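>>> below are the sequence and a predicted model; questions follow.
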Amino acid sequence: MNTKKIVIDLLQENLSILSKEELTKVLERPKLDQQGDWAFPCFILSKIWKKPPHLIAKELSEKIQSNDFSKIVADGPYLNFFLNKKTVSTSIIGEVLEKEENYGTYQTGKGKVITIDYSSPNIAKPFSMGHLRSTVIGNSIANLAEKNGYHVIRINHLGDWGTQFGKLIVAYKKWGHEKKVQNQPIKELLHLYVKFHEEANQTTALEDEAREWFKKLEDNDQEAITLWKWFREESVKEFEKIYQLLDVRFDSYHGEAFYNDKMEEVIKEMEKKEILESSDGADVISLNQYDLPPCLIRKSDGATLYATRDLAAAIYRKRNYSFAQSFYIVGHEQSLHFQQIKLVLKKMGYSWFEALEHISFGFILKDGKKMSTRKGRVILLEEVINEAIELAEKSINEKNPGLSNKKEVAKEVGVGAIIFHDLKNEKQNNVEFSLQDMLRFEGTTGPYVQYTHARACSILTKADSFEWNVNDIMGLDDSYSWHVIMKLAQFPENVERGFLKRDPSKLAKYVLELAQEFNKYYSQTKILTQDEELFSRLALVKAVTLVLKEGLRLLGIKAPNKM
Ligand code: ARG
């Protein structure tokens, strides 16, 4: 339920002179509880009516009436609205209990497709903390898009093509061992990759060899293809372990290599449209008119590029999925790349170029520095996740040694800690990597919210045979309940805002606030006392569990009933 909307509808009935949009803009939340729930500043009318605002407030307070409000009073130039706590809380709790996990679901995107390109790690390189950001942000934005009614296609655009495979083949042939790669593929491939760069610092011959091997790969050389396929398979197996831990899935694993046979057509089209120019033997598309460097389409040796594959991918996705919007969840260091992709599509005459959206995010820093695969300055995500799970298990063993499915809960809590730590920050910020911070089980963390949910569940278990019936809810009007109820009422707007801003941190902050309000309520209220409000209190607790669980689900975090 949207209490702002109740006020706006009421004002509109009485003030046809102002539009809903204008009313939405000016309506405020008063600073103090004793000033009510919403305030309408009457200044906006005093010019039109040529009257001082305090008189207008007084006149309106005498005229406007509604059962949804216990009082509507003039306070200087403001008209203050006090919601009728009993009726409003009854209807909010009733709505949550009735709709359950569909509370806050919108139909806005009905019939529209959004493709979301996220995670997209590079084969033969470790799944780094940087890719974690794309994975958890992308997964949550995908969930939010679905909650807003869109049909979402989740795409993992694997980095499975490019000159790095030339380097890797050279390194493997010189220093690699089959057994080692089989045992610990990513670790060993990373080791080879780092070694290549160390050695290449000494001699340029290595770089030439790598270029040759990449060319062979592009020309379908048997040996090169076999090695590449093997590296890809072993890497994907390892990535899938991580996706399983994070409980993230994809509809498509079409990586860069998938577009190898789809670029020729695109390049022909560029030639036909006379936008391809040659520059030092390479083919480029000039973006001079937009003050951007040209987009390189084909190198002088005929090799295609990351951008070429992204152009083919965008066209393929438009044809295949006929998307209304197409998101790319990628760090902000690639913003020039995506600007170029969009403008090349524009030059090709595709009006849908505007549907492409680069949703960017900051770096994860380690000791204040950007992480780099080449220098081996990476943190292996799988190790971090496993450490988090171990720590979660330790803390559960202390707090609740009798818990039956400890392993499963420890996994949900450890992973939840990592995801929440990432999502609670506005995504543009750079995040300093800190295992300690991530794994704090109190304060502003995922485990705190999960724990609040479990605590609320245990109250319901104690209440035993609680079955709700909307006619039995009486509404609650004490200040602690009311703060919880107002938070419940704000869930839908946060679902909407989180999607429109493409920012899950809005929702993360929201579930945190709901958990905090509930804990205040819990510490001040004897919930299970036998009195006429018992049923209403249980209904409120139940509503809180539903919204916390759904909020966490949208973030990609599980909500165990016990922990
Ligand atoms: N593999 C790339 C990287 O790790 C990200 C790919 C993002 N998606 C895309 N369509 N370009 O940097």
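In hand now; what should we look at?

>>> my read: L158 touches A124, true?
No. Taking contacts as CB atoms under 8 Å, L158 lies outside contact range of A124: 10.7 Å. C-betas here are computed from N, CA, C, even on glycine.

>>> wait, isn't F127 in contact with V236?
No. The criterion here is CB under 8 Å, and F127 misses it with V236 at 10.7 Å.

>>> show me which of L158 and A124 is the more surrounded one.
For the pair L158 and A124, the greater number of neighbours falls to A124 (27 against 23), based on other CB atoms under 10 Å.

>>> state the pLDDT value of the more buried one.
Note on A124: pLDDT of 77.

>>> name the nearest residue to it, ignoring sequence neighbours.
Using CB to CB, 6 or more residues apart in numbering and skipping residues adjacent in sequence, the residue nearest A124 is L189, 4.3 Å away.

>>> ok, the one you found - contacts?
Neighbour list for L189: 124-125, 168, 172, 181, 231, 234-235 [criterion: CB atoms under 8 Å, 6 or more residues apart in numbering].

>>> output stretch 2-13 as CSV, nothing but the C-alphas.
Listed next in CSV are the C-alpha coordinates belonging to stretch 2-13 (Å, rounded to 0.1, in the frame of the first residue of the first chain):
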residue,chain,number,x,y,z
ASN,A,2,1.1,3.5,-0.8
THR,A,3,0.1,5.9,1.8
LYS,A,4,1.4,8.8,-0.2
LYS,A,5,-1.1,7.9,-2.9
ILE,A,6,-4.0,7.9,-0.5
VAL,A,7,-3.1,11.5,0.4
ILE,A,8,-2.7,12.5,-3.2
ASP,A,9,-6.0,11.0,-4.3
LEU,A,10,-7.7,12.8,-1.5
LEU,A,11,-6.1,16.1,-2.3
GLN,A,12,-6.9,15.7,-6.0
GLU,A,13,-10.6,15.2,-5.3
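
>>> quickly list what's touching both of L158 and A124.
Shared contacts of L158 and A124 (CB under 8 Å, 6+ apart): R232.

>>> number of nearby residues for D291?
By other CB under 10 Å, 6 other residues sit near D291.

>>> swap in the one 3 residues further on?
Under the neighbour criterion other CB under 10 Å, P294 is assigned a count of 16.

>>> from what I can see it touches D283, true?
No. With contact defined as CB under 8 Å, P294 does not reach D283; the gap is 9.8 Å.

>>> quickly list what's touching both of the two.
Contact criterion CB under 8 Å, 6+ apart; residues shared by P294 and D283: E277.

>>> in the stretch 451-563 of the chain, what residue is nearest the ligand?
R502 (15.7 Å; CB to the nearest ligand atom).

>>> ignore what I typed, I meant the chain.
As assessed by CB to the nearest ligand atom, the ligand sits closest to G159 within the chain, at 3.3 Å.

>>> okay, now the unreliable bits of the stretch 401-550 of the chain?
435, 439 (pLDDT under 70).

>>> the ligand contacts on the stretch 301-450 of the chain?
Contact residues (CB under 6 Å from any ligand atom) of the stretch 301-450 of the chain with the ligand: 310, 313, 328, 330.

>>> count the neighbours of L528 for me.
Using other CB under 10 Å, L528 has 12 other residues around it.

>>> do the same with W352
Using other CB under 10 Å, W352 has 16 neighbouring residues.

>>> mind listing the strands for the stretch 451-563 of the chain?
For the stretch 451-563 of the chain, no strands are identified by DSSP state E, counting those that start in this stretch.

>>> can you pull the residues of it lying near the ligand?
Counting by CB under 6 Å from any ligand atom, no residue of the stretch 451-563 of the chain is near the ligand.

>>> mind listing the helices for the stretch 451-563 of the chain?
479-489, 491-500, 505-524, 534-555 (DSSP state H, counting those that start in this stretch).
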